[in-house]
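Novice: next comes the sequence, and after it the predicted model I'd like to discuss.
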Amino acid sequence: MLNVGSLNEGIVLDHIKAGKSMSIYKYLQLDKLDCQVAIIKNARSDKMDRKDIIKIEGSLDLVDLDILGFIDHDITVNIIKDGVISEKKVLSLPKVIKNVLVCKNPRCITSIEQELDQIFVLSDAEKEIYRCKYCEERFVPQF
């Protein structure tokens, strides 16, 4: 059995769909943090059969909950203080995503005016569809 040390202060991202932890690592830019990050892939789970877990040493401000909610709003975010779970955050789909996604439409203003923010707006929450604010191009997720 694999044993990964417990956190005294930090964040545990739990119930990540198996194999998705590296996408989350990339989108949250965890490689740029100057703290310990542990990724556990394909852990056994009674609820999900298999799951990924990410443990991050540090405060909650290190993680953008909007990005996390966009990737998978079913992830459990546990806040650890003094070695115990002090709080659980519930994620939801963000209404607006800024500078995370890139519009693929070559005729979009963001292709020409590259200093413009890339802004996507939730157009259909039920189907989880985001569209570019400027040209309404639909974003097709690749994770």
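Specialist: Sure thing, it's come through. Residues are numbered from 1 along each chain as shown.
Novice: please, where are all the helices along this protein?
Specialist: Taking DSSP state H as the criterion, the chain contains helices spanning 21-27, 65-71, 109-112.
Novice: got JSON lines for those, with distance to residue 121 too?
Specialist: From N, CA and C alone the C-beta is placed, and that goes for glycine too. As requested, those are arranged in JSON lines below (distance: least, CB to CB, whole Å):
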{"stretch": "helix 21-27", "distance to residue 121": "18"}
{"stretch": "helix 65-71", "distance to residue 121": "12"}
{"stretch": "helix 109-112", "distance to residue 121": "14"}
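Novice: please identify the deepest-packed of those helices.
Specialist: helix 65-71 (a mean of 19; mean count of other CB atoms under 10 Å).
Novice: which residues does it contact?
Specialist: 13, 20, 23-24, 27-28, 75, 77, 89, 91-94, 97, 100, 130, 143 (CB atoms under 8 Å, 6 or more residues apart in numbering).
Novice: still on that earlier bit, among the helices of the chain, which comes closest to residue 51?
Specialist: Of all the helices of the chain, the one in closest proximity to residue 51, counting by CB to CB, is helix 21-27 (9.1 Å).
Novice: list the contacts for the closest residue to residue 95 other than its chain neighbours?
Specialist: Computed as CB to CB, 6 or more residues apart in numbering, the closest residue to residue 95 that is not its neighbour in sequence is residue 122, at 5.2 Å. Residue 122 sits next to 93-96, 128-130 when contact means CB under 8 Å, 6+ apart.
Novice: out of those, grab the one that's most surrounded.
Specialist: residue 130 (24 neighbours; other CB atoms under 10 Å).
Novice: isn't it up against residue 101?
Specialist: Yes. Judged on CB atoms under 8 Å, residue 130 makes contact with residue 101 at a distance of 6.9 Å.
Novice: quick check: neighbours shared by these two?
Specialist: 120, 139.
Novice: about what we covered before: can you flag which of the contacts of helix 65-71 belong to strands?
Specialist: Under the assignment DSSP state E, the contacts of helix 65-71 contribute 13, 77, 89, 97, 130 to strands.
Novice: no more questions from me, cheers.
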